[in-house]
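1. Provided below for reference: sequence and predicted model.
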Amino acid sequence: MFRRIARLSALVLTLLLGLPGLFALAPQTVAAEIAPLERTWDYRWGDSPVAPDGTPLWTQTSEEGAWIAIDFPSNPPGRGGRGNIWYRVTLPPLDWRDPALFIFSVDTIVEVYLDGQLLYHHGTFSAEGRGEFAGWPWHLIPLPRDAGGKKLYFRVFSDYKDIGLWGELLLGERIDLLQRILAQSVERLITSGFSLLIAILALIFAPLERDRRGFGAIALFSFASGSMLLSGAQAALLIVNRPLLWEFLGAGGYYLIPVAIALLLEQWLRPDRSWLLVMIRRLHLAYLFGALALAGLGWISLANTYPVFDLLFAITLPIMMLPALRLARAGTLEQQLILAAVALLALLLMLDMAVAHNLLPWTQVPLNWGVLAFSLAIVLISVRHFASTQRELALLNTSLETQVAARTAELERLAQAEATRARLLEMENRKAAELEALIARVQSCDRLAETEQVLSDSLPGLCTPLPGAFYRVGTAVDNSEPRATWGQPVPDLRESLAAPTPGPESARDSVNTDTLETSRVWPLRLRYEHPQLGRTDFGLLLVRSPADGTATESIHTIHLWWRILERAVEKINLALSLLALQEELRDLSYQDGLTGLKNRRFLDQVLAREIALAERQRSSLSLVICDVDHFKQFNDNHGHAAGDAALRQVATQLSQAFRNTDLVCRFGGEEFVVLMPGASLTSARERGETLRTMVAAEPIQFQDQILRPVTLSVGIASYPEPVTNPSTLMVRADQALYRAKQAGRDRVELAG
């Protein structure tokens, strides 16, 4: 997926960088065919009376004294709150086959007359000469070829702060003007498409990442800026000729930009500044929905929402950006790139705002530069993260290969030992069946502790015809003797085998001192390979030879049996080693490495069993979900090592706050889950409050530092009251946790 994103980004970047060369020739080929309408204009306040045939009288009578000259048909002096005005201009000779007049925009609706005939209109005039806002599109007015030297009249109404024509006024061939519109729109269209693609990808990846809020802010900023840029592209009207629809889309994107900026900065600035960003974000969200809703209902004009927003944005933008300037030095590379792109777009928006309010001469501000800079910053960050991930994967592969090689070497050593023992199998035929049965019983055990009884029952019989007994490490020979240890000399243990041919129970009986001097005892040690501790002692097999070798077996036969027992013990040791490895792997698969608590896998298995048991017995079952508040900020402020120390301390407090019968698990990240069989909602709440108070009161100890305590948000659900379906305990507890966070954190919420 990352490779596809990188390739797509490279393709779009290539297109964007090639656009100047691709369209450089287009304006040059049409430059001679397009000319600005640089003429002296006249204006006249008010609206024209209408002749009986519906023709405005001002287009038929000169009344030169009533008309006032003006350089450009926009915002004449002395408006005085009036909304109607007329402009006129004498057209130059039209040396074009299909002449047309291009107007960048009009405030806000207009009718164009030539020779008293309506030539073009935008918006609808009422009988009183007024009308509703219909958007700010460009206008391409076709002109008759014989219109040169004639007067062109413009009837304008505006309840906006500006009144009249705005931007560029160009004459030329209609097809050339359309080509110019397309050439000037391509960069905006591609840049907006690239930005919207970034928004879609961010939304797709957000559920897969821990930093969902950051991805959401990036998606929102890309969507807002891309929508604003798309609606401002002149060629958009050639796709869908709905000016007011594009205005609503552009206004929504424009009004969303400060919301996205606030979301981006909230996760970077200190918590004491976050409340201010939250207030600004909510203020702009309220304005966004309020302005668009009122304009959509027709209660206000969408055009009149822009000046209020511009003033609000001009105030809140410095408030948001000035505290973020410290990120230019202290922030990460990603933060610096995104902040620079946001600052560039904000600067361009301020310049565009100044042009719109006539504070700067008219020009087309390249907003697409700012949007493109943000999109490219996201692409660069993605590529950088991809390279970092590849390096980490390479290191991980190397580490895994080393571990596999070590494990393989260990298994090869054990396999070689097994091969050596296999060559002696023909000497062990008489005991093969017993030994295999013993090994099978050992392997059927789940844990090493269970094998003690198995070995005590079976090893004496395996030693027959020689007397033998098994002693576990640390087992006392009798009540008068110290516990047997490997440091003890063998003669101290001989008296346990004085009785002839001890059985499974007599192997631990008192000694018979009458035959002690005539016996010889050989010890065999049972050991296993522990995955972490290495070779570990497990027990001792003591075998006694008779005083008179001819009484039972010859000396040669005794030594042969001794060698057989040695190899048998080796097999038992191998079985114990495999069992120890399985036991360790089982424990590791159910244990969280950082906190020592059980992990989510273990919880999933136990939870299903406890739910079935509670449902069958109609017994109480409570589930508690705890989440460390603002843990990411704690990590950002103190580092991940301090965060790990905080998690370990919270895990210890969890074990202290809950019962031994409760199951405490680390669910993932900074989230913990406690399963409380037999606990009611009241009991679970008391434990949850105890835990929350304990965590909030104890500072974090980290490397001789005392850091501020963390707090917990806790959600609790209990069966059968109030949750009647035990299978929904996790969902209901998670919902309660969400309410706890929404209500301000550091609190306990119950499933309702």
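-> Good, I have the coordinates.
2. now do the phi/psi pair for the closest residue to Leu101 other than its chain neighbours.
-> Of all residues not flanking Leu101 in the chain, Ile141 sits nearest, at 4.4 Å (CB to CB, 6 or more residues apart in numbering). In this view, the C-beta of every residue, glycine as well, is placed from N, C-alpha and C. In terms of degrees, to the nearest 10, the main-chain angles of Ile141 are phi -100, psi 110.
3. who's in contact with Ile141?
-> Contacts here follow CB atoms under 8 Å, 6 or more residues apart in numbering; on that basis Ile141 touches 100-103, 112, 119-120.
4. now do it, the pLDDT please.
-> Looking at Ile141, its pLDDT reads 93.
5. farthest pair in the contacts of Ile141?
-> Distance extremes for the contacts of Ile141: the farthest pair is Phe102 and Leu119 at 14.2 Å, using CB to CB.
6. for stretch 185-201, what does the pLDDT average out to?
-> 86.
7. buried set for it?
-> 185-192, 194-199, 201 (16 or more other CB atoms under 10 Å).
8. measure Met279 to Leu613 for me?
-> Between Met279 and Leu613 the computed distance is 50 Å (CB to CB, to the nearest Å).
9. and if you look at Pro207?
-> Using CB to CB, we find Pro207 at a distance of 33 Å from Leu613.
10. these two: who's more crowded?
-> Per other CB atoms under 10 Å, whichever of Pro207 and Leu613 has more neighbours is Leu613, with 13 against 8.
11. quick check: what element follows the one helix or strand that one maps to along the chain?
-> Leu613 belongs to helix 600-617 when assigned by DSSP states H and E. For helix 600-617, the following helix or strand on the C-terminal side (DSSP H and E) is strand 621-628.
12. then Arg525 would be within a strand, right?
-> Yes - under DSSP: H, G, I helix; E, B strand; the rest coil, Arg525 sits within a strand.
13. grab the nearest non-local neighbour of it.
-> Spatial nearest neighbour of Arg525, excluding adjacent residues (CB to CB, 6+ apart): Leu540 at 6.0 Å.
14. helix, strand or coil for Leu542?
-> Assigned with three-state DSSP, Leu542 falls in the strand class.
15. so what pLDDT did it get?
-> At Leu542, the pLDDT value in this model is 85.
16. thought it was touching Leu466?
-> No - Leu542 lies out of contact with Leu466 (CB atoms under 8 Å); the separation is 10.4 Å.
17. mind listing what's buried in stretch 282-299?
-> Within stretch 282-299, the residues that qualify as buried are 284, 287-288, 291-292, 295, counting by 16+ other CB under 10 Å.
18. look at Ala641 and give its secondary structure.
-> Three-state assignment for Ala641 (three-state DSSP): helix.
19. now for it, how many residues are close by?
-> Counted by other CB under 10 Å, the residues lying close to Ala641 total 11.
20. name the nearest residue to it, sequence neighbours excluded.
-> Phe702 (7.3 Å).
21. pretty sure that neighbour contacts Ala645?
-> Yes - contact criterion CB under 8 Å: Phe702 and Ala645 qualify, at 4.3 Å.
22. for the longest helix anywhere in the chain, name the packing helices and strands.
-> Counting residues, the longest helix in the chain under DSSP state H turns out to be helix 367-422. Counting contacts by 3 or more CB pairs under 8 Å, 6 or more residues apart in numbering; DSSP states H and E, helix 367-422 packs against helix 2-23, helix 174-205, helix 212-232, helix 333-356, helix 555-589.
23. pLDDT weak spots in this structure?
-> Counting by pLDDT under 70, the ranges of the chain that qualify are 1-32, 209-211, 268-273, 386, 417, 419-428, 430, 474-519, 546-558, 584-589.
24. quick revisit: run a quick neighbour tally on the residue nearest to Ala641.
-> 18.
25. oh, and call the first residue 291 from now on, that's how I've got it
-> OK, 291 is where the count begins now, so the last one is Phe992.
26. tell me the bridge partners for it.
-> Gln995 (DSSP bridges).
27. quick one: residues contacting it.
-> So Phe992 contacts 928, 931-932, 935-936 (CB under 8 Å, 6+ apart).
28. tell me the one of those residues nearest Thr1014?
-> Nearest to Thr1014 among the contacts of Phe992, counting by CB to CB, is Ala936 at 36.7 Å.
29. in space, what's closest to that closest one - neighbours in sequence excluded?
-> Among residues not flanking Ala936 along the chain, Ile990 sits closest, at 4.9 Å (CB to CB, 6+ apart).
30. hang on, the one you found packs against Val1000?
-> Yes - if you go by CB under 8 Å, Ile990 and Val1000 touch, sitting 6.7 Å apart.
31. quick one: Cys916 and Val964 touch, right?
-> Yes - using CB under 8 Å, Cys916 is in contact with Val964, at 7.3 Å.
32. so for the two, which residues contact both of them?
-> Counting by CB under 8 Å, 6+ apart, the shared contacts of Cys916 and Val964 are Leu944.
33. what strand or helix carries Ala424?
-> With DSSP H and E as criterion, Ala424 is part of no helix or strand.
34. what's around it, how many residues?
-> Neighbours of Ala424 under the rule other CB under 10 Å: 19.
35. that one and Phe447, how far apart?
-> Between Ala424 and Phe447 the computed distance is 11 Å (CB to CB).
36. okay, and the common contacts of the two?
-> In contact with both Ala424 and Phe447: 398-399, 413, using CB under 8 Å, 6+ apart.
37. ranking the residues you listed by neighbours, who comes first?
-> Most surrounded of the shared contacts of Ala424 and Phe447: other CB under 10 Å gives Thr398, at 27 neighbours.
38. quick one: contacts for the nearest residue to that residue once chain neighbours are set aside?
-> Distances taken as CB to CB, 6+ apart place Ser448 nearest to Thr398, at 4.6 Å, with adjacent residues excluded. Counting by CB under 8 Å, 6+ apart, Ser448 touches 373, 375, 397-399, 454.
39. closest to Gly1034 out of these?
-> Checking the contacts of Ser448 against Gly1034 with CB to CB, the nearest one is Thr398 at 46.2 Å.
40. surely that closest one and Pro427 touch.
-> No - contact between Thr398 and Pro427 fails when scored by CB under 8 Å: they sit 11.0 Å apart.
41. got any residues that touch both of those two?
-> Residues touching both Thr398 and Pro427 by CB under 8 Å, 6+ apart: none at all.
42. can I get the contacts of Ser448 in TSV with secondary structure?
-> Formatted as TSV, the contacts of Ser448 follow (three-state DSSP):
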residue	secondary structure
Gly373	coil
Ile375	strand
Asp397	strand
Thr398	coil
Ile399	strand
Gly454	strand
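43. closest to Ala604 out of those residues?
-> Nearest to Ala604 out of the contacts of Ser448 is Asp397 (CB to CB; 20.7 Å).
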